[in-house]
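Student: sequence and predicted model, in that order:
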Amino acid sequence: MSTVRPPRRVREVKYPTTDGKPMAETDYHRDVMLDLIETLRAFYAADPMVYVSGNLLLFYEEGDRRRHVSPDVFVVRGVEKRQRPNYLLWEEGHPPRFVIELTSSSTRRADTGRKMVLYRDVLRVREYFLFDPNEDYLNPSMQGWRLRGGNYHPIHSVEGRLPSLTTGLHLERDGNQLRLWNPATQERLLVPVQAEQRLRLQAEERAVRAEMELRRLRERLGLGDEAT
């Protein structure tokens, strides 16, 4: 008499949310990374199926906690815009299309070696960009590649900017900062804090113009400033 063995229980794998490494090597790297993430989030705010993140563990092989990478900045299309503790590729179903790595002394070899191979051959990232804020480790200090025919091909600069087909934006250096330029509007995208400051200044300017117009109207009508 044969016996039926119960199905073997598969142990659930807990995927970590940190690799124990610091967010960035320097203040410059951290600030550039956070500004880029927030600028891209604002740019895609109206699209619920574009996810922008960075410095987040991305696991690409189910069951293996060691198979992960943490892009400094990345954009994924086709997944829900929501908060995540980590990014599990087999659950999400979509790899990043656009990745930026900020090169430093501790990452320069991986950025141009192991990570590039991973993004090209495993994750199939369509566009991969490198930026060296202090111009210490890369020449040129801003580089990009686009996936075509299974290989990465260099992205050539246009008027000093690197065009991204996946986002429709151009990357440009501004001192030790990396900014995003929109060719459709011929303007640089503002970091959300800068955008808020611009809106506040515009509101103040409108208020001043309205007050000046009101004063001119009172003068024409022969009314004093005390009139209501």
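Tutor: Yep, that arrived. Since this is a predicted model, take the numbers as computed values, not measurements.
Student: do a quick rundown of the strands in the protein.
Tutor: Secondary structure of the chain (DSSP state E): strands at 50-53, 58-59, 68-69, 73-77, 87-88, 98-102, 127-131, 142-148, 151-154, 162-163, 170-174, 177-182, 187-188.
Student: residue ranges with poor pLDDT in the protein?
Tutor: For the chain, applying pLDDT under 70 flags the ranges 1-11, 22-24, 193-212, 214, 217, 224-228.
Student: how's it carved up into domains?
Tutor: Segmentation of the chain into domains, based on automatic domain parsing, reads 27-189, 191-228.
Student: do you know how far Gln177 is from Leu89?
Tutor: Here Gln177 is placed at a distance of 31 Å from Leu89 (C-beta to C-beta, to the nearest Å). (Glycine included, C-beta is placed from N, CA and C.)
Student: neighbour-wise, which of the two wins?
Tutor: Leu89 (19 against 15; other C-beta atoms under 10 Å).
Student: where do the helices of this structure begin and end?
Tutor: Applying DSSP state H to the chain gives helices spanning 27-43, 89-92, 108-112, 114-117, 192-221.
Student: which residues touch the residue nearest to Leu40 when sequence neighbours are not counted?
Tutor: Spatially, and ignoring its direct neighbours in sequence, Leu40 is nearest to Val52 (4.5 Å; C-beta to C-beta, 6 or more residues apart in numbering). Contact partners of Val52, counting by C-beta atoms under 8 Å, 6 or more residues apart in numbering, are Ile37, Leu40, Arg41, Tyr44, Val73, Phe74, Val75, Val76.
Student: now for Glu213, how many residues are close by?
Tutor: Count around Glu213 with other C-beta under 10 Å applied: 10.
Student: same deal with Val76?
Tutor: Val76 has 23 neighbours, counted by other C-beta under 10 Å.
Student: ok, it touching Asp47?
Tutor: No. Counting by C-beta atoms under 8 Å, Val76 stays clear of Asp47, with 11.4 Å between them.
Student: nice, that's everything, thank you.
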